[in-house]
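Student: Got a sequence here, can you build the structure:
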Amino acid sequence: MTASLPLPTLLVIPTGIGCELGGYAGDGLPAARLLAAASGCLITHPNVMNGASLYWSDRRIHYVEGWALDRFAAGELALAPRASQRVGVLLDAGIEPELLLRHRQVIDACKASLGLPIGPVLTSEVPLGVSLQLGASGSSWGTIARPDVLLRAGEQLVAAGATAIAVVARFPEDPESEALAAYRAGSGVDALAGAEAVISHLLVRHLGIPCAHAPALLPLPLDPALDPRAAAEELGHTFLPCVLVGLSRAPDLVPLVDSATRGTAPLLHVAQLGAVVAPAGALGGAAVLACAERGIPLISVANPCLLEVTAEALGLAAIPASSYAEAAGLLVALREGIDPAALNRPLAGSA
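Tutor: Prediction:
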């Protein structure tokens, strides 16, 4: 029996909007693993894959930062799979000595225990100055006071041989806040995610290489009522392990004008996508809309969040799925050349 060809699929679970599945550190991983198995090739972003001290490495899953993901969907970038990246690390000068040592120990552990090529490691000239905010909808966002310092450090890491960059920025924290208590109880929004996206977007846009972010935070007191989805974030002293593992196999980002000059190396282009999977209420992102314009099948999954930007509101054609398990079944149908409509009753057009 001949196995069917992969169906390259884009999985988007937007950051910082409180998705019931995928709104926490790494709780989208089971869905990503399932969709990768169903499709044979899954392209997704760090928000889905990062589980703080936990991670999952799968060669069928391509780890692509959000800004680059949008450019890929727009047809401006191709992806070149790589066996390994040399991950440079940028540490915020605002991190306290003991917390800084914890992050340096993660780097040593990933070198010694996982064999990852990491380096150089650079500390920023001055603190990056991250601040956090919540938008009117309740979604998270943030700012960085010294983007010039961030970009200059990124340039220095590339000049020293890094092909991907992990950033560890000191984030403000309020351990007594109601928002944090709600998040730990399973009903809040990831307050860090919006600012993290700003940092990674700036670097990827400026440098054109894979980048991802890990916040530096002090450990929280133990909470016996902690929601299981928040547990991954409280297992260790840092969020850095998953970022180093994810970046270690992230694909190169190849501008479309350069993609024809890279020899025979296989590239992934948006034209090869067979489907895009996104939460039913969060379909207004650039990547989803770009795919919809190309007529790529859109699977909208019931995954409640703060937004209600639906296929109906946007006038998009979408295949509804009640869960990511059902979405996986739809991907198998598409991969096998089965019209998903043929699986429903009554059949369209029948009496």
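
Student: Now stretch 219-238: buried residues?
Tutor: Within stretch 219-238, the residues that count as buried by 16 or more other C-beta atoms under 10 Å are 227, 229-234, 237-238. In this view, the C-beta of every residue, glycine as well, is placed from N, C-alpha and C.

Student: Can I get those in TSV including distance to residue 91 and secondary structure?
Tutor: Shown next, in TSV, are the buried residues of stretch 219-238 (distance: C-beta to C-beta, whole Å; DSSP: H, G, I helix; E, B strand; the rest coil):
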residue	distance to residue 91	secondary structure
227	30	coil
229	28	helix
230	25	helix
231	26	helix
232	22	helix
233	20	helix
234	22	helix
237	14	coil
238	11	coil
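
Student: Looking at stretch 227-234 now, give me its mean pLDDT.
Tutor: Mean per-residue pLDDT for stretch 227-234: 91.

Student: contacting residues around residue 27?
Tutor: Counting by C-beta atoms under 8 Å, 6 or more residues apart in numbering, residue 27 touches 21, 51, 229, 232.

Student: Identify, from the buried residues of stretch 219-238, the entry nearest to residue 207.
Tutor: residue 238 (23.2 Å; C-beta to C-beta).

Student: And that closest one, how close does it get to residue 52?
Tutor: Distance check for residue 238 against residue 52: by C-beta to C-beta, to the nearest Å, it reads 8 Å.

Student: now swap in residue 279 and tell me
Tutor: Separation of residue 279 from residue 52 (C-beta to C-beta): 22 Å.

Student: One more: residue 242?
Tutor: For residue 242 relative to residue 52 (C-beta to C-beta), the value is 6 Å.

Student: before we move on, what about residue 40?
Tutor: 28 Å.

Student: Between those two, which has more neighbouring residues?
Tutor: Comparing residue 40 with residue 52 by other C-beta atoms under 10 Å, the one with more neighbours is residue 52, at 24 against 18.

Student: Mind checking what helix or strand follows the helix or strand harbouring residue 103 in sequence?
Tutor: Using DSSP states H and E, residue 103 maps to helix 97-114. Downstream of helix 97-114, the first helix or strand assigned by DSSP H and E is strand 118-123.

Student: where do the contact lists of residue 242 and residue 52 overlap?
Tutor: Listed as contacting both residue 242 and residue 52 by C-beta under 8 Å, 6+ apart are 25-26.

Student: List the contacts of the closest residue to residue 66 other than its chain neighbours.
Tutor: The shortest distance from residue 66 to any non-neighbouring residue, by C-beta to C-beta, 6 or more residues apart in numbering, is to residue 45 (4.9 Å). Residues counted as contacts of residue 45 (C-beta under 8 Å, 6+ apart) are 12-13, 15, 63-66, 69.

Student: go on, residue 150?
Tutor: Applying C-beta under 8 Å, 6+ apart to residue 150 gives the contacts 90, 124, 128, 144, 167, 199, 202-203.

Student: Would you agree it falls within a helix?
Tutor: Yes. Applying DSSP: H, G, I helix; E, B strand; the rest coil, one finds residue 150 inside a helix.

Student: Model confidence at it, what's the number?
Tutor: Looking at residue 150, its pLDDT stands at 98.

Student: With residue 171 as the reference, measure out to it.
Tutor: Going from residue 150 to residue 171 by C-beta to C-beta gives 14 Å.

Student: before we move on, what about residue 228?
Tutor: Distance of residue 228 to residue 171, given as C-beta to C-beta: 23 Å.

Student: What is the burial count for residue 30?
Tutor: Count around residue 30 with other C-beta under 10 Å applied: 14.

Student: you'd agree residue 75 is up against residue 273?
Tutor: No. Contact between residue 75 and residue 273 fails when scored by C-beta atoms under 8 Å: they sit 10.5 Å apart.

Student: which residues in the stretch 251-351 of the chain form helices?
Tutor: Ranges of helices within the stretch 251-351 of the chain are 286-293, 311-314, 324-335, based on DSSP state H, counting those that start in this stretch.

Student: related to what we said a few turns ago, distance to residue 217 for the buried residues of stretch 219-238 - can I get that in TSV?
Tutor: Listed next are the buried residues of stretch 219-238 as TSV, based on distance: C-beta to C-beta, whole Å:
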residue	distance to residue 217
227	17
229	17
230	13
231	15
232	14
233	9
234	10
237	9
238	9
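
Student: Could you single out the nearest of those residues to residue 347?
Tutor: Nearest to residue 347 among these, counting by C-beta to C-beta, is residue 229 at 38.8 Å.

Student: surely that closest one meets residue 186?
Tutor: Yes. In terms of C-beta under 8 Å, residue 229 counts as a neighbour of residue 186; the distance is 6.0 Å.

Student: what about residue 141, helix or strand, and which?
Tutor: Secondary structure from DSSP H and E places residue 141 in strand 140-144.

Student: Please enumerate residues in contact with that strand?
Tutor: Residues contacting strand 140-144 (C-beta under 8 Å, 6+ apart): 15-16, 128-135, 150, 169, 189-199, 202.
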